[in-house]
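Q: coords please:
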Amino acid sequence: MKSLIAREPIAILLSGLAVVFTALFWPTLATLHQRWMNPDEPYSSSYLVLVMAAYLIWKTVRSISISAVSPCLPALLIIIPAILAWYAGYVTQAQLLSQIFLPVILFSWFFVVLGWAIARGFLFPFLLCYFTIPVWGVLGIPLRTMAVIVVEKGLALLEIPAFISGFQIHLTAGVVEIAGGCSGQNYLISGLVIGLFYAANYLRGYSRLFCIVLIASFSIIANWIRIFLLVLVGHYTNLQHPLVNDHSNFGWFIFALVLLAFFMLMRWLDPYLSHVKDTGKLEGENSDIGVTGKTYRNIIVVTALTLFISAILPVYAYKSVDKIENAVRGMILPEDIIVNKEARPYWLPDYQGYDIAQQWISRIGGKATVITALIYNQQTQGKELIYGANQIVPPEIVLGQSITEKVDNNRLAVTIAEVAGQARKIFWVYRIGDNYTTSGFMAKLLQLSAELTNEPQAALITFSIACADDCSQDIDRVYIREVINVLAEIKWDKSSQ
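A: Below is the predicted model of the structure:
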């Protein structure tokens, strides 16, 4: 009974922190929820991972007493930059940046409120949380590359003729491609989750590291075996076997067999590994008599201070999204270049979510030019200037590779495409506040600065001219210099409605 009473305050405190965390960062958590609910994503088992993390937290709570709590205010120095990074990701719609720092923020709360001696016991549960965040896509290309090399060596060993081109394996019967979904990322994530959970529960010290490295290796090898067997099936059946086209269950069957081999090996190595020793005793159990009302007051004050500091930027960010200040009505161009300021749009860049579209017929450097501006007064998730689905023109009408031209330290991107039945050169640039860039990454950084200065307006500006007969990539640098001069004179229309 005494142990239960000693644990209750810790459980209540951590549950309260979890509830506040969920409420405070719900918009970011909601973006993760969308990924977790997609059965085609490698993160579809994320809720199960969170249950495993919660179990490890509960197991740790069972081993500590309120008397062992020693708040650490200097750990606020971890919370502040983590909150700033989350804020930068949120206001610039960089989902991954804001998602990555969520576990850091919650763990930092534990650190400040409980102290390092207790908080370090929660490291493994928070490491598990990172398997629910979509950061593992960067491993796709390396994993596929390794798989191609292994399959190539295996086929050579069996003297099966094959030609490797990128991620395509050309057999005598046809082509087998190691596509993005064949990287084995899902098996690697699943294996690491299982390995971390096993290591956290039963092992300690270097034995934990050995376990994690071993399960990662087994998971990658499982995918190699899967791909190699599928290639063999394709070769010997002239690509007619059903497994060639539908092999998702086959992959998990192979993974299960390899996982069984992993556990058998761990059991065989058990005498040589360091194990967690459960003494059944609470940390600080013998000093419960030192817990006073002052102890509880200190914990409450530190918790309140931590949550107050953590809530400032999120609340500010949510309020700034809910209202649009300093909205512009459009852009104002130099009058001397405009031929028709009320031109009917005959073509617009393939962008989504913009607030205002403007188009002018003009003459720049002696050339008839169509100027287009797509303006965003306020950017939110899915309604943003820099977005994966946005493109100057659809790929099927692009006539040449987009390039970037630099004149007098100024840059313009150039795309050649067939627009409205005519080959045209499209010069384009992003404008954020009063700054120009052709880089999506730099545009995000400028957007953060613009949000802080309460000047959030941004735009894509294009200059479209008819191509010469050959529509070559050769660019008239004199014309580009004239375009840059025009850009310097374009102003935001901030007049009242």
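
Q: tell me which residues of stretch 236-248 are tucked away?
A: Val244, His247 (16 or more other Cβ atoms under 10 Å). C-beta coordinates here come from the backbone N, C-alpha and C atoms, glycine included.

Q: Quick one: mean pLDDT for that stretch?
A: Averaged across stretch 236-248, the pLDDT comes to 84.

Q: Kindly report the same for stretch 126-133.
A: 92.

Q: Stretch 66-75 too?
A: 86.

Q: Just after the lowest-mean-pLDDT helix or strand in the chain, pick out the following helix or strand.
A: Ranked by mean pLDDT, DSSP states H and E, the helix or strand of the chain with the weakest confidence is strand 403-407, at a mean of 64. Following strand 403-407 in sequence order, the next helix or strand is strand 410-419 (DSSP states H and E).

Q: residue ranges with poor pLDDT in the stretch 201-350 of the chain?
A: Counting by pLDDT under 70, the stretch 201-350 of the chain shows low-confidence ranges at 276-293, 320-326, 339-345.

Q: Show me where it has its strands.
A: 330-332, 338-340 (DSSP state E, counting those that start in this stretch).

Q: What about Val175, how many residues nearby?
A: 12 (other Cβ atoms under 10 Å).

Q: In contact with the nearest residue to it once chain neighbours are set aside, which residues?
A: Ranked by Cβ to Cβ, 6 or more residues apart in numbering and with sequence neighbours excluded, the top spatial neighbour of Val175 is Gln168, at 5.3 Å. Contact partners of Gln168, counting by Cβ atoms under 8 Å, 6 or more residues apart in numbering, are Val175, Val176, Glu177, Ile178.

Q: if I look at the third one, how far off is Leu158?
A: Okay, so that is Glu177. Using Cβ to Cβ, to the nearest Å, we find Glu177 at a distance of 20 Å from Leu158.

Q: And the last one, by the same measure?
A: Taken as Cβ to Cβ, the spacing of Ile178 relative to Leu158 amounts to 18 Å.

Q: Please apply the same query to Cys72.
A: In terms of Cβ to Cβ, Cys72 sits 60 Å off from Leu158.

Q: what does Arg226 give?
A: In terms of Cβ to Cβ, Arg226 sits 17 Å off from Leu158.

Q: okay, the two: which has more neighbours?
A: Arg226 (22 against 11).

Q: Kindly report the domain assignment for this structure.
A: Here the domain parsing of the chain from automatic domain parsing is 2-134+292-322, 138-272, 330-493.

Q: okay, how far is it across the shortest one, tip to tip?
A: Between the start and the finish of domain 138-272 there is a gap of 35 Å, counting by Cα to Cα, to the nearest Å.

Q: Could I get the contacting residues of Ile105?
A: Contacts of Ile105 by Cβ under 8 Å, 6+ apart are Phe21, Phe25, Ile79, Ala82, Ile83, Trp86, Ser310.

Q: Repeat that for Tyr198.
A: Cys211, Ile215, Met266.

Q: most surrounded residue in these?
A: Counting by other Cβ under 10 Å, top hit in the contacts of Tyr198: Ile215 with 25 neighbours.

Q: so how far is Leu192 from that residue?
A: Taking Cβ to Cβ, one finds Ile215 at 6 Å from Leu192.

Q: go on, Glu384?
A: Distance from Glu384 to Leu192, by Cβ to Cβ: 32 Å.

Q: ok, those two, which is more surrounded?
A: Using other Cβ under 10 Å, the more surrounded residue of Glu384 and Leu192 is Glu384, with 23 against 19.

Q: Pull out the buried residues from stretch 490-497.
A: Quick answer for stretch 490-497 (16+ other Cβ under 10 Å): Ile490, Trp492.

Q: got a list of contacts for that stretch?
A: Against stretch 490-497 from outside (Cβ under 8 Å, 6+ apart): Asn326, Val328, Arg329, Gly330, Met331, Ile332, Leu333, Pro334, Arg431, Gln457, Ile461.

Q: model confidence over that stretch, on average?
A: Mean predicted lDDT for stretch 490-497 stands at 77.

Q: quick one: it to chain centroid distance?
A: With Cα atoms, centre = their mean, to the nearest Å as the basis, stretch 490-497 stands 35 Å off its chain's centre.

Q: residues in contact with Ile78?
A: Val104, Ser108, Phe111.

Q: Give me the packing partners of the helix or strand hosting Ser15, helices and strands only.
A: Taking DSSP H and E as the criterion, Ser15 maps to helix 2-24. If contacts are counted by 3 or more Cβ pairs under 8 Å, 6 or more residues apart in numbering; DSSP states H and E, helix 2-24 sits against helix 46-61, helix 95-114, helix 293-322.

Q: residue boundaries of the helices in the stretch 201-350 of the chain?
A: Listed in chain order, the helices of the stretch 201-350 of the chain (DSSP state H, counting those that start in this stretch) span 206-236, 248-269, 293-322.

Q: Could you tell me the angle between the first one and helix 248-269?
A: Which is helix 206-236. 140 degrees (axes from the mean of the first three to the mean of the last three Cα atoms, to 10 degrees).

Q: For the helix or strand where Ile465 lies, list every residue counted as buried.
A: Assigned by DSSP H and E, Ile465 falls within strand 458-466. Residues of strand 458-466 classed as buried by neighbour count (16+ other Cβ under 10 Å): Ala458, Ala459, Leu460, Ile461, Thr462, Phe463, Ser464, Ile465.

Q: From these, pick the one nearest Cys182.
A: Leu460 (36.0 Å; Cβ to Cβ).

Q: does the closest one really touch Glu384, like I thought?
A: No: under the criterion of Cβ atoms under 8 Å, Leu460 is not in contact with Glu384, lying 11.2 Å apart.

Q: Could you give the number of residues near Asn377?
A: Asn377 has 17 nearby residues by other Cβ under 10 Å.

Q: and what of Leu127?
A: Leu127 has 18 nearby residues by other Cβ under 10 Å.

Q: ok, now which ones touch Ile149?
A: Residues counted as contacts of Ile149 (Cβ under 8 Å, 6+ apart): none.

Q: Would you mind giving me the confidence score for it?
A: pLDDT at Ile149 comes out at 93.

Q: Just the C-alpha atoms of the helix or strand hosting it, please, in PDB.
A: Ile149 belongs to helix 140-157 when elements are defined using DSSP H and E. Written as PDB, here are the backbone C-alpha positions of helix 140-157 (Å, rounded to 0.1, in the frame of the first residue of the first chain):
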ATOM      1  CA  GLY A 140      14.700   4.700 -48.700                       C
ATOM      2  CA  ILE A 141      17.400   5.200 -51.300                       C
ATOM      3  CA  PRO A 142      20.300   3.700 -49.300                       C
ATOM      4  CA  LEU A 143      18.200   0.600 -48.400                       C
ATOM      5  CA  ARG A 144      17.200   0.100 -52.000                       C
ATOM      6  CA  THR A 145      20.800   0.600 -53.200                       C
ATOM      7  CA  MET A 146      22.000  -2.100 -50.800                       C
ATOM      8  CA  ALA A 147      19.300  -4.400 -51.800                       C
ATOM      9  CA  VAL A 148      20.200  -4.000 -55.500                       C
ATOM     10  CA  ILE A 149      23.900  -4.800 -54.800                       C
ATOM     11  CA  VAL A 150      23.000  -7.900 -52.800                       C
ATOM     12  CA  VAL A 151      20.600  -9.200 -55.500                       C
ATOM     13  CA  GLU A 152      23.200  -8.500 -58.100                       C
ATOM     14  CA  LYS A 153      25.800 -10.500 -56.200                       C
ATOM     15  CA  GLY A 154      23.300 -13.300 -55.600                       C
ATOM     16  CA  LEU A 155      22.300 -13.600 -59.200                       C
ATOM     17  CA  ALA A 156      26.000 -13.600 -60.300                       C
ATOM     18  CA  LEU A 157      26.700 -16.400 -57.800                       C
END
